[in-house]
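> Starting from these lines, generate the structure:
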Amino acid sequence: MGIAAPEPFSCPLALPRTEQSLKEVPEGFSAITADPYPVHELTGFRVNFGPPTKSDGAIYDKDSTTRDAKGWTTETLTWKVAVLEDPYAVCLYRATTQALVRPLTGYQECTVVSRAAPGMQLRMESAACK
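Numbers count the residues shown, from 1 in each chain. Predicted coordinates:
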């Protein structure tokens, strides 16, 4: 009997607001935290070779872009992670240095889907691994 495949997962689409502060403030200044974001939206995803502290990202294996009849663009990026040694998923978020990390041992592939209305920038809709 084989080992069961791990449950599929998706990066959360947002993280709650994070606290940021300076440990030292230059003389004559006071520090305030400018935080226009009530949440930190998912803005990036990578598959890392080994622990994420190495910051050694894998290039996606497949990239496809489609446009529907209304002009919406959909971009899909796919990584084949089953063939990688010690891969990790790294979910990145806007206006914070916090990232979510998860080992990918036992997973087959990860896919990121981004969409955009006509004339707009792509916005990440999902980052998932199965």
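
> Now L77: which helix or strand?
Using DSSP states H and E, L77 falls within strand 73-80.

> which helices and strands does that strand pack with?
strand 62-67, strand 109-116 (3 or more C-beta pairs under 8 Å, 6 or more residues apart in numbering; DSSP states H and E). Just so you know, the C-beta spots here come from the backbone N, C-alpha and C atoms, and that holds for glycine as well.

> go with 10 Å
Strand 73-80 sits against strand 39-49, strand 57-58, strand 62-67, strand 87-93, strand 109-116, strand 123-129, with contacts defined as 3 or more C-beta pairs under 10 Å, 6 or more residues apart in numbering; DSSP states H and E.

> want to throw the ones you listed into CSV with distance to E24?
Shown next, in CSV, are the helices and strands packed on strand 73-80 (distance: least, C-beta to C-beta, whole Å):
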stretch, distance to E24
strand 39-49, 25
strand 57-58, 32
strand 62-67, 44
strand 87-93, 26
strand 109-116, 38
strand 123-129, 35
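
> Point out the most buried one among the ones you listed.
Across the helices and strands packed on strand 73-80, the average number of neighbours (mean count of other C-beta atoms under 10 Å) peaks for strand 87-93, which reaches a mean of 21.

> mind listing what's buried in the next helix or strand after it?
Following strand 87-93 in sequence order, the next helix or strand is strand 99-103 (DSSP H and E). Under the neighbour-count criterion of 16 or more other C-beta atoms under 10 Å, strand 99-103 has L100 buried.

> same thing with stretch 72-90?
73, 75-77, 79-81, 84, 87-90.

> Compare the helices and strands packed on strand 73-80 and give me the one nearest S21.
S21 lies closest, by C-beta to C-beta, to one member of the helices and strands packed on strand 73-80: strand 39-49, at 16.3 Å.

> Show me what the least confident helix or strand in the chain by mean pLDDT is packed against.
None of the helices or strands of the chain scores lower by mean pLDDT, DSSP states H and E than strand 57-58, at a mean of 89. For strand 57-58, the elements it packs on are strand 39-49, strand 73-80, strand 87-93, judged by 3+ C-beta pairs under 10 Å, 6+ apart.

> Many thanks, I have nothing further to ask.
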